[in-house]
Every structure is written in structure tokens, then in C-alpha cells.
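Structure for this input, please:
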Amino acid sequence: MKITEIEVIPLRLPYEERMRKRLYHFAMREELTLYKFHTDTGLAGLGENPGPPFGQELLDPYLGTDPFDHVMSAKLYNLDMACYDLMGKHLGLPAWKLMGQQMRQWVSMGWWMPCMSPEDSANEVRMAAERGYRGLKCKARAFYDVVEQSHAMQEAAPPDFRVEFDFNGSLINVETALPICRELEKIPVVKGLEEPIFAYDIEGWRRLHQEIRIPFYLHGVGTVFEGPSRQPSGPWLGLRAGDFDGALCSHENIRNALAASWAFAAANTPILLQYVGAGITEAFACHMGAIMHTATLPAVTGGHLYEDDLIVEPHVMQRGFMKVPLGPGLGVELDEDAVERYRHTPEPEWARYFSVVTLPGGLKHYYRNLQQAERLMKLGVDEAFAPGVRLDEREDDGSEEFDRIWKQLQEVDWPIWD
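Now for the predicted structure:
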């Protein structure tokens, strides 16, 4: 069996209407690319990546090869999943059988949301629970009061619900993080904190970890280097030292993910799978989760954000778990009608906007966008996670005031203070 052609299918797949503008402001675009790996046997394997198509230089190494040449590959998982789809279809076996022994038939799957107001965060928890999810991963950012947000989510959550916050280092250091983490400890729904402070601050992590009972998660599971090396990887050192309680296998290639599965199993440390995409990627994540020993934290794909999953039969969700597809390969069939529909989706036109951070006492600071607010607040321009702080997006209302502020924000990399 040889791969003879790779069909590249760029799509514009809209997010659900309630989230479209919010995710645009969060710098997430609605581009998604499908790949069909055609073979000389007539079989086709499916791959997928959010974003525009990969360059031809990334596709060429697959042409003329046997899909079995890519077992345990260290290339892009988005393309390698198509090879596992082909191998499974060729053998009449589910893809997980080519990865390892099955640990579970249902994989813990979580909801994902960007940072939102306390009110909107509570609504997301309700929606996630209604759709069968029991875990949620939420971005935590300096321009929302994460303690107030957590209390609102606690009130909306079912008894068996859990929330993990991804700070991406935005608590900055131990002195800032400690009082906020102590408040979060009092809120039962908060079950994990991903990178509360900057990951390189090893001693800071250690100090914070000794004080706070909420599990800490590291972003990254890399435990192997290519070829001989005298230097172990950072995650491996932290794993052995016990400096974190879990880690994200986030968009890792298949080789690194499976190697981490064994290393983290030996350390009895859980893994959170994070592979973002629509229905094809969700199927791939399920097959990975089926064999990874400690992939027990709710995985994240973000597939629920899209208005369509692009597969004929939707994935089955039940009380926080997604069923591993049973068919050969990835076990999903592409919805060709949906693919044709989203080939021609026009790019949305969004109004100009800027971000307004309201600080305690009603003081307002204007930022170009929330990305600028996040970066500058990490540098101490405004107080991070101040009680009651919140961010709102102000859209172009045609006024001279809006136009003046918007133009001034484009010229200088600094907020306008009220």
C-alpha cells in the first residue's frame, strides 16, 4: 500500500453563534483544513488541522510511502492520524490497536472556554453539563476576577463537575499567586491549575506547590530527545522531583505522546490530552486516550465550539466520557455534504473594537485588544486579578470618541488611562 496523493481541503468552519465574536476577539480564526491521504489500494485516510493548509514541504515526505512507515512518527500528528486511519482500515482494526493495549473504552472529555465574565462562565458550565460534560478547562486571565468567576461556576455546576484553570503563567510569581490560590482552595469545583506562574520559575513552583493543595499541571510531557543526550528534559526532571501533579500532552507528535504514556504511568501521574480540532481530531484523541495509561484528566479538543463536527455519526458523550469509535481506523466517516457546504463559507466581517479593563473603583483603562491587555498586565502595567476586575469589548459605534481612542491605541503599545 502506497500513498499516491494527498488531497488538501481548506474550509471555513464557523464557531457556534454565541461564541463567534468572542473567539474572534480571542484571536481564534474559523479556518480548518482536512487532508485525504489516497492510496493505490483505493483506501483514503483522514487528517485535520485547525488553521490554513500546511506547506507542501510537510506533505511531500508522505507521498510514495507506506502508511506503516509512519508508526510512532515524530512528524505532525495532524498528518500522521491519516496514516493510522489508513493502517486501521487496511487491517480492519481500530487505530488504537496500532498504538498499544486498550486501557479504556470511554475517554474522559472536557469542555473548553476562553476567559469570560462570571455570569458568562456560569452559563458555559450549565451548557457543558447539559451536553454531557462533567469537566471544563477555562483560560484564566488577569483582567477577570478568577475567584468571583469560580464562585459563579460553583453555583451553576452539578455536584460531580470539575473546573481546571489555565493561567499560562499570568499569576506571575508566588507573592501574587499565593493569596489567590488560597481563595480558590475554598471552592470545591476548582480541581486543577495549569501553569499558575511562569514555568521556568522552578523554585517558585516548588514553594507554591508546598502551600497549595489544588493539583498543579505542567504544559508539556516531553520525556525523550532525538538521539543520544546527556540532558534530560524539563518535564522529566519535574516529574521525578514531584513538582507537579499532572501534565498536558498538548499537540505532541505520536512518538512523544506514547513515550510519555509509559513515563507518566511509571510515576503514577495523570495526563490531560489536548488536541484541538473537529470530529476527526476528536476521534484521534479518543484512540490516544484509549491506550495511554494515565490519560484520566478531561481531554480538550474544542470540537464542541464548532457548529458542525464534519462527521456523519456524532461522537457519543455520556457523563463526561466520549466513546472510543469502534470502526476500523479512526472509526469515523467524513460528512461530504458538510465539507462541500463549508468550502464556500464567506469570511465574516467584524466591526472595529478595543478592550476596556474596568478596575476596582470603576477606573477604566483602554487596550488595543485582550492580547495586549494580557501581555502588558503580565508586565505589571495594571494589577492582575484585582477583586472585581473585568474586561469588556467596545465596538465601533460611529462616534468621534471611539475613532479617536481606537486610532490612538493603534499608534502606541500602551493603554489609554481614563
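
so what's the closest residue to residue 284 other than its chain neighbours up against?
Distance criterion C-beta to C-beta, 6 or more residues apart in numbering; nearest residue to residue 284, sequence neighbours excluded, is residue 81 at 4.4 Å. Yep, even glycine has a C-beta here, placed from its N, CA and C like the rest. Applying C-beta atoms under 8 Å, 6 or more residues apart in numbering, we find residue 81 in contact with 45, 46, 47, 48, 95, 280, 281, 284, 330.

Show me these that map onto strands.
Of the positions in the contacts of residue 81, 45, 46, 47, 48 sit in strands, assigned by DSSP state E.

which residues does the first one contact?
Counting by C-beta under 8 Å, 6+ apart, residue 45 touches 36, 37, 39, 67, 81, 82, 83, 84, 85, 86, 89, 329.

Check those residues against residue 344 and report the nearest one.
Each of the contacts of residue 45 was scored against residue 344 by C-beta to C-beta, and residue 36 proved nearest at 18.4 Å.

Can you give me the buried ones in the one helix or strand the closest one maps to?
With elements delineated by DSSP states H and E, residue 36 resides in strand 31-39, which encompasses its position. Along strand 31-39, these residues count as buried under the neighbour rule (16 or more other C-beta atoms under 10 Å): 32, 33, 34, 35, 36, 37, 38, 39.

cool, stretch 51-58 as well?
Of the residues in stretch 51-58, those scored as buried under the neighbour-count criterion (16+ other C-beta under 10 Å) are residue 54.

can you map out the strands along the stretch 101-250 of the chain?
For the stretch 101-250 of the chain, applying DSSP state E, counting those that start in this stretch gives strands covering 106-113, 135-139, 162-166, 190-194, 216-219, 246-250.

Ignoring the adjacent residues along the chain, who's closest to residue 368?
Closest residue to residue 368 apart from its sequence neighbours, by C-beta to C-beta, 6+ apart: residue 409 at 4.3 Å.

three-state assignment of that neighbour?
In terms of secondary structure, residue 409 is helix; the call rests on DSSP: H, G, I helix; E, B strand; the rest coil.

wait, doesn't it sit right on residue 352?
No - under the criterion of C-beta atoms under 8 Å, residue 409 makes no contact with residue 352, lying 10.3 Å away.

Neighbour count: those two, which is higher?
Applying other C-beta atoms under 10 Å to residue 409 and residue 352 shows that residue 409 carries more neighbours, namely 19 against 13.

sorry, back to before: looking at the contacts of residue 81, spot the one nearest residue 182.
When the contacts of residue 81 are compared for distance to residue 182 (C-beta to C-beta), residue 281 comes out closest, at 37.2 Å.
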